[in-house]
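# build the 3D model from these lines:
(2 chains)
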Amino acid sequence: MNDGYAGRYLRVDLPREKFTVLPTPEEWKRKYLGGVGMGARIMWDEVPPEVKPLSPQNRIIFATGPVNGTLFPPSGRYEVISRSPLTGWWAHASAGGFFGPEMKYAGYDLIIIQGKAKKPVYLHIDNDLIELKDAKHLWGKNVIETTDQIIKELKDPDVKVACIGQAGENLVKYACIMSDYFRAAGRTGLGAVLGSKNLKAIAIRGTKGIKIANKEKFNKLLEDAFKRHSPEGRYWEYIESFRKYGTFSLTDWENAIGRLPTKNHWTGYFENAEETIGMEPMKKRHYKRHASCFGCGIQCKYSSIVKEGKYAGTESEGPEYETVEGFTSNFLSTDTNALIRANYLCNIYGMDTISVSHSISWAYECYEHGLLTKDDTDGRELIWGEDGMDHVIELLEEIPFRKTKFASLLAEGSQEAARRTGKGSEAYAIHVNGLEASGQDGRPHKSLGLTYAINVRGADHLTSLSSLDELGYKEEIRRRYKKETVDILAERWDEKLKGYLVADMEELYALCDSALLCKYGVMWPPIYYHQDFGKIISTITGFTEYENPKELNKLAKRICHLRRCFNVRLGWSKKNDALHPRFTEEPMPTGPAKGQVVHLEPMLREYYQARKYDWKTGYPTKKELEEVGLEDVAKELKKRKKLIPVYRGKKAFQIRKK
Amino acid sequence: MSKILVVDIEKCSGCRICELACSWYHEEEFNPAKARLSIVSWKKAAIHYPMICEQCEKAPCAEVCPTDAIYKDEESGSWKVDEAKCIGCKFCIQVCPLGAISFFEEKRGAIKCDLCDGDPQCVKFCPMEAIEFVEEDKVGLKKKRISAEKLFATMQEVK
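Alright, predicted model coming up:
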């Protein structure tokens, strides 16, 4: 049965120009669901640790999930999975828009790309037609030009294009993949992986349908889901704010709890943010028009425009909260025109706004402390504030092309830039395991500290972040967790029980990223929880075993473990589960969370208990891997001496209600 | 009194939920290619326009149909396609001024909006309330109100 699935997957061998279309294996569907789950299985099976991220043997996988393309909201995302050229570790990145559902309508659950094309090409798929087309004329073009040109030459305005800009071509380590012009599979540098394969774009179009296993039940779930996204729903207040302001309604809320990264994560509070870069001024100054993702019940996306000044007329979708933070408070700037310009440039050249803004702010802080001088910065004075934004904009024009030595240094990401610069500049490279920290800070939100430390792809906010303690959803905590844990879990500054909470979120988001819903609606606001996924997976696919919470939890853990094991095989160990000293040793200097630091160890201990990892090495345990159906993975890790036979640590405390 | 679909393009965000609701209701699958309405988007400009059948009074599709397969359903006020009579000649697709009729590959015939027999699913599911189902004698005033609201907002801005 292929209910919920397109039922086939495509493998593209670039050097041989060979296409293989096969039925999506039952085991992949049943045991890994889709998205990052299936991606993890394929990466484990096909990418051994010797394969470098930018070598032809690395795979890059475009993955959908059973929810994609259905009416269950919000169902428009897709995942891209690979090994990261920025961090060297496991990589996944997700984008909204329309590309993911179109893959399924064309009849493919996955597209696995391998090898390196002899010359620049793009992949064109129209239902059963698959072809590689010459992309020589597209090489060197930006995302908008490329998308426009492909639409023009295919004579199909409804074709969905995912492509790289010049940043991906020039192997900028945080280059992203852009789809539908403005939607970014942003993190971990997957645009550079496409660039290394000479694959400029994938253009896809489909007219096939997706069927559902249990129609009657699906209709009931639909009704309930749409109700939850309406004024009758519990979280209408947040959805309404999202719909009105976009994701940067977060700017105000984060600043209010002292968690809005400011001046390269020096502090978490930007004075007067609400009046200068907050939701009201942003909406008033820049809102142009709504531009939703496919099948969305929340509707947070819109297009922004600069109305006055030297960047007048600049227009692009977004910016998202992360980008607002990256190009305003991060540089102590209130210049929102420069922000919209920066967002536009990142979009057209195809760069992750989080990593590029924080790589540049690394240089600014180095300059402040005299570690970089005008000799290193092509004569630029890198000063904080609005006056420093001209240089940020200039650098965004140079980094994608690696125009100068300095731009090329920054194109490597903050970890590598600091390594090459030395002189203690690592202190200002605010990354975890190579991925630049996003618009969050663990000091005012302790569980986030753990999130950054243990995430398989580094310091990102989408793999295990808990919004429950962050924004104080105490009622939701009460609904989900045992009575005696509620007060502690709700306390943002208390490390206790947060290891279990983060483990629970990681499992929830593993389901989200494999069934493929948007994190908005799962992470924040917390509309769906485990049991909702059990129902929706069972109803769409007919895998009714997932209505059993135990089976569902096994599935989630299987995905979490497998990703981690991919990293362990690459050399990940206990020492990687750590944080930048900025979060653990520098007390928050200003704002509502003044004086706070992250105490990682107690949370890490709890998290290790939940995962049954060995406290000394960070390696997984045999029995646990076998219990979730990863016997072969356990076997291989044992051969590599990266498996602990018996777990000897404490038993995890169960915070979830039975 | 018949009701008709009224679109406010300023509200449409281009999410295509209407297309999914439509194909689900009519075909029990999710497939925009089989939806009776489509959103035409200019993504770069963030402009979205739901293209729907306006249920013309003098419907060219019905007039041109050589087998009289397109007939008026008095109850819902919509023009429907009688599948048994449709010979797949595609004349209706050619003459429709809005492109509101599609060719259905599997059935080898025309498909069009039938207002879901009086309970349009696009209206029911649209999260932005961009499509409304309005009694036809009230449509004029409804549209005037939408325009007036925009004019008023502009006047406030000018002030």
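# by mean pLDDT, flag the weakest helix or strand of chain A.
strand A:287-290 (a mean of 90; mean pLDDT, DSSP states H and E).
# does chain B sit close to that strand?
Yes. Strand A:287-290 is in contact with chain B by Cβ under 8 Å from any Cβ of the partner chain, via A:288, A:289, A:290. (Glycine included, C-beta is placed from N, CA and C.)
# show me what that strand is packed up against.
strand A:302-305 (3 or more Cβ pairs under 8 Å, 6 or more residues apart in numbering or on different chains; DSSP states H and E).
# does anything pack onto the strand it packs on? Which helices or strands?
helix A:279-286, strand A:287-290, strand A:315-317, helix A:336-349.
# any idea which of these is most buried?
Looking across the helices and strands packed on strand A:302-305 with neighbours counted as mean count of other Cβ atoms under 10 Å in any protein chain shown, the highest average goes to helix A:336-349: a mean of 25.
# check which element follows that helix along the chain.
helix A:353-368 (DSSP states H and E).
# and residue 56, backbone torsions?
Let's take chain A. Note on residue A:56: backbone dihedrals following degrees, to the nearest 10 are phi -60, psi -30.
# look up how far residue A:116 lies from it.
4 Å (Cβ to Cβ, to the nearest Å).
# before we move on, what about residue B:56?
56 Å.
# who does the helix of greatest length in chain B touch, helix- and strand-wise?
Longest helix in chain B, counting residues (DSSP state H): helix B:139-158. Helix B:139-158 sits against strand B:3-7, with contacts defined as 3+ Cβ pairs under 8 Å, 6+ apart.
# can you tell if the strand it packs on touches chain A?
No. Remark: strand B:3-7 sits outside contact range of chain A, by Cβ under 8 Å from any Cβ, the gap being at least 14.6 Å.
# tell me what angle the helix or strand bottoming out on mean pLDDT in chain B forms with strand B:3-7.
Least confident helix or strand of chain B, by mean pLDDT, DSSP H and E, is helix B:139-158 with a mean of 85. Here helix B:139-158 runs at an angle of 20 degrees relative to strand B:3-7 (axes from the mean of the first three to the mean of the last three Cα atoms, to 10 degrees).
# can you pull out the residues in contact with helix B:139-158?
B:4, B:6, B:8, B:10, B:132, B:134 (Cβ atoms under 8 Å, 6 or more residues apart in numbering or on different chains).
# tell me which of those residues is nearest to residue A:649?
residue B:10 (58.6 Å; Cβ to Cβ).
# state the number of residues packed around the closest one.
A total of 14 residues lie near residue B:10 under the criterion other Cβ atoms under 10 Å in any protein chain shown.
# show me what contacts it?
residue B:150.
# near chain A, which residues of chain B? Just list them.
B:12-17, B:20-21, B:23-24, B:27-34, B:43-48, B:105, B:125, B:127-128.
# list the contacts of residue B:34.
So residue B:34 contacts A:209, B:23, B:26, B:27, B:102, B:104, B:111 (Cβ under 8 Å, 6+ apart).
# state the distance from the closest residue to residue A:516 other than its chain neighbours to residue B:95.
Nearest non-adjacent residue to residue A:516, counting by Cβ to Cβ, 6 or more residues apart in numbering or on different chains: residue A:65, 3.1 Å away. According to Cβ to Cβ, residue A:65 and residue B:95 sit 42 Å apart.
# of the two, give the one with the bigger neighbour count.
residue A:65 (33 against 15).
# look up phi and psi at the more buried one.
Dihedral angles for residue A:65 - degrees, to the nearest 10 - are phi -140, psi 170.
# buried ones among the contacts of residue B:34?
Buried members of the contacts of residue B:34, counted by 16 or more other Cβ atoms under 10 Å in any protein chain shown: A:209, B:23, B:26, B:27, B:102, B:104, B:111.
# rewinding a little: which among the residues of strand A:287-290 next to chain B gets closest to residue A:467?
Once Cβ to Cβ is applied, the member of the residues of strand A:287-290 next to chain B that ends up nearest residue A:467 is residue A:290, at 23.6 Å.
# quick one: residues contacting the closest one.
Counting by Cβ under 8 Å, 6+ apart, residue A:290 has contacts A:299, A:301, A:302, A:303, B:12, B:13, B:14, B:46, B:128.
# out of those residues, what pair is the most spread apart?
Going by Cβ to Cβ, the pair spanning those furthest: A:303 and B:128, at 15.0 Å.
# can you pull up the most central residue in chain A?
The C-alpha lying nearest the average C-alpha coordinate of chain A belongs to residue A:93 (Cα atoms, centre = their mean; 4.6 Å).
# repeat that for chain B.
Of all residues in chain B, the one closest to the mean position by Cα atoms, centre = their mean is residue B:52, 2.2 Å from it.
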